[in-house]
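Undergrad: sequence unknown, structure follows:
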Ligand code: SIN
């Protein structure tokens, strides 16, 4: 295999965590691996809500940490939650300094949105629903300007290279037109920040390439994966037949939008005292139940927002327009869609993984912040906090900054093996049916069997193996957890085993060898 050596830190991914870490590593030379043109194709750029941070003087980091713990259904690490909430304010001020134009009050404070399970309006936003897009636009401009960062676009990582027990590089392929043969890049260290797993499901709000490949790559190299079973389903993906499904942000419900069914009945009031602002997993299950019953759940913004939706929520308005929906006249049809993976590569407080030489941050990582159910808009916050922490730790571990590094030039590579689209579709269908909003032992076992068959149908495709590895971990961890907790709901074990629970930690080898047989 063609091999390139560089003294640069290799960052896999180009979303918020990746870019923030790359900037924070300055002046250490960085090579960023971005499957799409920089700033596009990442979940961060699609985030509509914003960043959760206690910026209002009447709010507090402790209240934010408490809400995070409460939403996480007994498996959030309370120390992690407090530390992240404590750091939130600094990052908002730093982003403001970087030029991000957060919505401001006439008095100069931050305009805060209210989202589900927050006891306070605490989500810092940009032009209503433009937070992710605007933050990524501003950061991408900084990354392009930064002399220490080289961005390789149109390439994706498929394997980790390990020598003497330490991760020392990645195998890459071109991925713009099909997939090329691989090329090895050896670097100073590797930071994985390549997003979550939502696209492993047939119905998802995640960008098309986000299919658990980076978690799977780390798992295949032996990394410990935490909380794999906890996949968050967003209750208000717009059910318009698009793949991925556009999001109707939770902030709409924060503004008073209500969920109704085809009979005009508001169904969340009897499901939870907080109605539409109940924790996300509860709203998602209620929406899913309405869909399953053929009751066509929909988000009615007409009374609460009226025409203000067009001005204050331009992304939602554009998605409705594109789908031929007019939310000023008719409620927006919605469905529960895979949105965020709370599980991921297990990391410590510095973003270090179980493998030497390997760090991870952002959605691909599992830090203990989200537990079984992530609090809205804590995702971008975690990307900021751990992006910077990982950079600080890497700088400390790697020691003196190497001299200026030459840019990496990839050779022309012959065609390689891309995942077969029929197999990817089958994988997404089986995950939705067997490892989705409502799970059972039988459904999970069937899903594991189907995943193994899919993998065996194209055994020479590494990119597919990364997806099936993550799918295997999700389904196995879900089978192992014989209770219902947060976003993980087992209709055959509907109760929660106590107010607090334990996190799950699993390697791929353990998942493959230990799929348990259900006895009850
Ligand atoms: C939303 O805006 O509803 C999503 C925000 C998030 O997932 O944190």
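TA: Great, that's in hand. As the structure is a computational prediction, the values presented were derived from the model and not from experiment.
Undergrad: how about residue 358, what does it touch?
TA: By C-beta atoms under 8 Å, 6 or more residues apart in numbering, residue 358 lies in contact with 160, 167, 189, 190, 191, 192, 218, 221, 223, 352. Every residue, glycine included, has its C-beta placed from N, CA and C.
Undergrad: in helices, which of those appear?
TA: Among the contacts of residue 358, DSSP state H puts residue 218 in helices.
Undergrad: looking at the contacts of residue 358, spot the one nearest the ligand.
TA: Within these, the smallest distance to the ligand is 20.7 Å, found for residue 192 (C-beta to the nearest ligand atom).
Undergrad: neighbours around that closest one, how many?
TA: Residues near residue 192, counting by other C-beta atoms under 10 Å, number 35.
Undergrad: surely it meets residue 364?
TA: Yes - taking contacts as C-beta atoms under 8 Å, residue 192 lies within contact range of residue 364: 5.4 Å.
Undergrad: which residues do these two both contact?
TA: 13, 214, 218, 345.
Undergrad: out of the residues you listed, which are inside strands?
TA: Those of these mapping onto strands are residue 345, per DSSP state E.
Undergrad: so which of the shared contacts of residue 192 and residue 364 comes closest to the ligand?
TA: Looking across the shared contacts of residue 192 and residue 364 and measuring by C-beta to the nearest ligand atom, the closest to the ligand is residue 13, at 17.9 Å.
Undergrad: for that closest one, give its distance to residue 73.
TA: Distance, residue 13 to residue 73, using C-beta to C-beta, to the nearest Å: 28 Å.
Undergrad: what of residue 120?
TA: Counting by C-beta to C-beta - residue 120 and residue 73 are separated by 20 Å.
Undergrad: ok, these two, which is more surrounded?
TA: The neighbour comparison of residue 120 against residue 73 (other C-beta under 10 Å) goes to residue 73, with 22 against 16.
Undergrad: out of the contacts of residue 358, which are buried?
TA: By neighbour count, with 16 or more other C-beta atoms under 10 Å, these hold 160, 167, 189, 190, 191, 192, 218, 221, 223, 352 as buried.
Undergrad: now pLDDT and distance to the ligand too, for those, in JSON lines please.
TA: Formatted as JSON lines, the buried ones among the contacts of residue 358 follow (pLDDT from 0 to 100; distance: C-beta to the nearest ligand atom, whole Å):
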{"residue": "160", "pLDDT": "98", "distance to the ligand": "28"}
{"residue": "167", "pLDDT": "98", "distance to the ligand": "30"}
{"residue": "189", "pLDDT": "97", "distance to the ligand": "29"}
{"residue": "190", "pLDDT": "98", "distance to the ligand": "27"}
{"residue": "191", "pLDDT": "98", "distance to the ligand": "23"}
{"residue": "192", "pLDDT": "98", "distance to the ligand": "21"}
{"residue": "218", "pLDDT": "98", "distance to the ligand": "23"}
{"residue": "221", "pLDDT": "98", "distance to the ligand": "29"}
{"residue": "223", "pLDDT": "98", "distance to the ligand": "25"}
{"residue": "352", "pLDDT": "98", "distance to the ligand": "25"}
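Undergrad: name the nearest of these relative to residue 481.
TA: Nearest to residue 481, judged by C-beta to C-beta, of these is residue 223 at 20.1 Å.
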